[in-house]
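Asker: coords please:
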Amino acid sequence: QVQLVESGGGSVQAGGSLALSCAASGYTYSSYCMAWFRQAPGKERERVAEIDSDGSTSYADSVKGRLTISKDKAKNTLYLQMNSLKPEDTAVYYCAADPWCSKDYGGSWYWGQGTQVTVSS
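Answerer: Prediction:
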């Protein structure tokens, strides 16, 4: 059974940094696409960053140059380094994985429980 467990959320002032981790288990890590999503109160879930099985990455325009997604195959762990944080980055951040790399981000994706990130001005 696929399990994704996020950690590293917290509170930080604007301009600060946080690093999120997602420990993955229950599948062949290297063949999956993985991504970070976020959801702020009253807003739809937003895809923040994605890393495909070949290592290629993509980002939402709102986070380009500030957030970096990476993975450590040996540790089966996904990371999100967040720098120059803004109050609008405040949200619950979710780790997700999909063996089919489906771009509809629907039913084939597995999800973690989420971790809160709060950025104060």
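Asker: tell me the centre residue of this structure?
Answerer: Nearest to the geometric centre of the chain sits residue 36, at 2.0 Å (Cα atoms, centre = their mean).
Asker: just give me how far the helix or strand harbouring it sits from the chain centre.
Answerer: Assigned by DSSP states H and E, residue 36 belongs to strand 33-39. Mean C-alpha position of strand 33-39 versus that of the full chain (Cα atoms, centre = their mean, to the nearest Å) differs by 4 Å.
Asker: what do you get for stretch 74-94?
Answerer: 6 Å.
Asker: just the mean pLDDT for that stretch, thanks.
Answerer: The average pLDDT within stretch 74-94 is 96.
Asker: for stretch 41-53, same thing?
Answerer: The model assigns stretch 41-53 a mean pLDDT of 95.
Asker: likewise for stretch 106-121?
Answerer: 95.
Asker: show me the contact partners of that stretch.
Answerer: With Cβ atoms under 8 Å, 6 or more residues apart in numbering as the test, stretch 106-121 has contacts from 2, 4-14, 16, 18, 20, 22, 38-39, 82, 85-100, 102. Using the backbone N, CA and C atoms, a C-beta is placed for each residue, glycine as well.
Asker: repeat the analysis, applying 6 Å as the threshold.
Answerer: With contact meaning Cβ atoms under 6 Å, 6 or more residues apart in numbering, stretch 106-121 is reached by 2, 4-6, 9, 11-14, 22, 85, 87, 89-90, 92-98, 100, 102.
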